[in-house]
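K.L.:
coords below, sequence missing:
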Ligand code: BES
Ligand code: ZN
């Protein structure tokens, strides 16, 4: 044991003493063993300073009867001689054997399992540089959701999908599950012949296996963070949108999805014009069954998206602009650890706005940014304002789940910081910097500290006054919202805000038929939380709240209805909560119900008992903490 401990200590000391040596060009894409800040991920057992995974090759069979993936993960490893061990992250995996590339057994040991982080798999590496782990997943693997045919739109075939971010990839494959440890990967996936397999990689086609199944092959030749390895299997059709873009979903939804995303190619071209060439080949969107727990997930080449963004009028495609933006911020330049999650999401919200502005106009993008500002104010209040430790962009998540960093701070304070820099240096200079930034850091992990150093070197140069005016360190390491925060105000909201005020005061009904979904959401959010019952009923007609297809409007309405214990909305609430499982909608609604004591608690428990079997583990994991089901729970 000792030599390896010594080696990692030595590496740590060496990096502490001086700047990291950067190798130019493509070699930098997978640098040597990982040291310093990037290796210091409190959410991973990996010891990349000792030995690090550079490539993952999966050969897995999907068994819908037992709800398991089983097979081999073969890992290529980089280690300095003398090599000692390789540590992988696993959680709820059943490890059957570990061998080297030639099939010779290697000693291995699973550490104690932590409920959040899982168990480290420590493999005696010796001179081996390829390691084959034979394993299977457990039916409860948190990344995976196995859907019965009844839980799909078509109703005839089962479905499987994964969600890796933040630290769930280790529940379906053994690797070093840290965002700073980039890996190329490839896969062969065996599935029932009537189903289609898609992954966040280039598809190389499928062939019959001889045993009545089909094997699908994939390759991702750019190094990615492991949370971006993703799979879906089901009755999935494809429709082309542009030369590089298209949409996958169950056949019954393909026409509607293709119509909703008709502007995909234009969004892609817009993003490229701003931030440089798109480096992932194709950009497709997979629209998942309604239990997908997030709005969208930026899996490379293949964004995963909730069907709740299909509003019928493109009003929620901002979410696609967001996931597309991650092709630069997040997938190309990646937060080294979850403490710097804002580097992924804050940049992405900023870029999302820029794409939306260029494609749909400033009037519309300003509304989205303004809604974000409102969300940020609420989040700041919830987190204790200027006193709240978690209102910092750079977070300390030691001993906590990365989920605790999943707040509007990372998204909206992060984006506001970048808008503030933009305002200070001017758009032309900022745009040029950002494009260059993505190029210089492409395929590398990033930290707050290195971003600030890069800003100072390449944008601020030696302008101390400018540095002070922006207040770089305060933005990243300070709490609350700095006084120079740039706020985007939507002109269109002035009339809406005035109308909300009047309606609340007197019940006067505004002319709302022409309002966009964003204006409807704004109106609902601006109303006082308590309103007379007659006024609530008038709202339903005014905003067509029973007929709404836009899920954000429905959600905003149901939040208001719950705050007022408005019984006529209960059926719609139950429908909404049992027909989709997006955590962003589901969790606040159940929380609000529980806050309504004797009125809301029984409703929450009754609906959750019905809805829970349809939700993904990411969603039940959060709602379980809020709604106690007791005996009703399975
Ligand atoms: N990468 C996130 C989703 C995520 C974050 C999953 C952290 C797991 C852990 C994705 O890009 C995202 O931000 N999705 C948002 C939509 C967006 C428009 C704000 C969502 O799912 O609501
Ligand atoms: Zn995002």
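P.N.:
Nice, thanks for sending it over. All figures in this text were calculated on a predicted structure; none of them were measured in a lab. Ligands and ions are numbered 1, 2, ... in the order given.
K.L.:
Can you report phi and psi for residue 232?
P.N.:
Backbone torsions of residue 232, given as degrees, to the nearest 10, read phi -140, psi 140.
K.L.:
quick one: it and residue 158 touch, right?
P.N.:
No. Between residue 232 and residue 158 there is no contact under C-beta atoms under 8 Å: 11.7 Å. C-beta: built from backbone N, CA, C; applies to glycine.
K.L.:
Who has more neighbours out of these two?
P.N.:
residue 232 (24 against 20; other C-beta atoms under 10 Å).
K.L.:
any idea how far the more buried one lies from residue 298?
P.N.:
Residue 232 sits 15 Å away from residue 298, going by C-beta to C-beta, to the nearest Å.
K.L.:
same question, residue 594
P.N.:
32 Å.
K.L.:
Just the residues contacting the one helix or strand residue 432 maps to, thanks.
P.N.:
Using DSSP states H and E, residue 432 maps to helix 427-440. Helix 427-440 is contacted by residues 274-276, 328-329, 332-333, 421-422, 425, 454-455, 458-459 when judged by C-beta atoms under 8 Å, 6 or more residues apart in numbering.
K.L.:
In helices, which of these fall?
P.N.:
Of the contacts of helix 427-440, the ones assigned to helices by DSSP state H are 274-275, 421-422, 425, 454-455.
K.L.:
out of those residues, which is most surrounded?
P.N.:
residue 275 (24 neighbours).
K.L.:
with the contacts of helix 427-440 in mind, which one is nearest to ligand 2?
P.N.:
Distance ranking of the contacts of helix 427-440 against ligand 2, using C-beta to the ion, places residue 329 first at 8.6 Å.
K.L.:
That closest one is in contact with residue 340, isn't it?
P.N.:
No. Residue 329 is beyond contact range of residue 340, at 11.8 Å (criterion: C-beta under 8 Å).
K.L.:
how about stretch 301-315 against ligand 1, any contact?
P.N.:
No. Applying C-beta under 6 Å from any ligand atom, one finds stretch 301-315 separated from ligand 1 by no less than 7.2 Å.
K.L.:
that's a helix at residue 220, yeah?
P.N.:
No. Applying DSSP: H, G, I helix; E, B strand; the rest coil, one finds residue 220 to be strand, outside a helix.
K.L.:
what about it, neighbour count?
P.N.:
So residue 220, with other C-beta under 10 Å, has 22 neighbours.
K.L.:
Just the pLDDT for it.
P.N.:
Listed pLDDT for residue 220 reads 98.
K.L.:
Can you pull the phi/psi pair for the residue lying closest to it once chain neighbours are set aside?
P.N.:
Using C-beta to C-beta, 6 or more residues apart in numbering and skipping the chain neighbours, the partner closest in space to residue 220 is residue 201 (3.8 Å). When read as degrees, to the nearest 10, the backbone of residue 201 gives phi -160, psi 180.
K.L.:
who in the protein is up against ligand 2?
P.N.:
Residues of the chain lying close to ligand 2 (C-beta under 5 Å from the ion) are 345, 348.
K.L.:
who are the neighbours in contact with the residue of the chain found nearest ligand 1?
P.N.:
Nearest residue of the chain to ligand 1: residue 295, at 3.0 Å (C-beta to the nearest ligand atom). Going by C-beta under 8 Å, 6+ apart, residue 295 touches 305-306, 308-309, 319, 582, 584.
K.L.:
what's the most distant pair in those?
P.N.:
Every pair in the contacts of residue 295 was compared (C-beta to C-beta); the two farthest apart turn out to be 305 and 584, at 13.0 Å.
K.L.:
residue ranges with poor pLDDT in the stretch 501-634 of the chain?
P.N.:
631-634 (pLDDT under 70).
K.L.:
measure residue 428 to residue 369 for me?
P.N.:
Applying C-beta to C-beta, the value for residue 428 to residue 369 is 20 Å.
K.L.:
The two: who's more crowded?
P.N.:
Between residue 428 and residue 369, counted using other C-beta under 10 Å, the more crowded position is residue 369 (25 against 9).
K.L.:
what about that one, is that helix, strand or coil?
P.N.:
helix.
K.L.:
Next, the contact list for it, please.
P.N.:
For residue 369, counting by C-beta under 8 Å, 6+ apart, the contacting residues are 353, 415, 488, 490.
K.L.:
before we move on, the earlier item: so if I had to pick from residue 594 and residue 298, which one is more boxed in?
P.N.:
Ranked by neighbour count (other C-beta under 10 Å), residue 594 and residue 298 place residue 298 first, with 25 against 19.
K.L.:
among the contacts of residue 369, who's most crowded?
P.N.:
residue 415 leads those on contacts (other C-beta under 10 Å) with 27 neighbours.
K.L.:
Please enumerate residues in contact with stretch 381-391?
P.N.:
Contact partners of stretch 381-391, identified using C-beta under 8 Å, 6+ apart, comprise 380, 396, 404-405, 407, 409, 413, 479-481.
K.L.:
so what's the residue nearest to residue 187 when sequence neighbours are not counted scoring on pLDDT?
P.N.:
In this structure, residue 187 finds its nearest non-sequential neighbour in residue 58, 4.1 Å apart by C-beta to C-beta, 6+ apart. Reading off the confidence values, residue 58 has pLDDT 99.
K.L.:
I'd like the distance between residue 58 and residue 248.
P.N.:
20 Å.
K.L.:
how about the helices in the stretch 201-350 of the chain?
P.N.:
Ranges of helices in the stretch 201-350 of the chain, per DSSP state H, counting those that start in this stretch, are 254-260, 264-275, 318-325, 341-360.
K.L.:
for the longest one, the distance to its chain's centre please.
P.N.:
Per C-alpha atoms, centre = their mean, to the nearest Å, the displacement of helix 341-360 from the mean C-alpha position of its chain is 14 Å.
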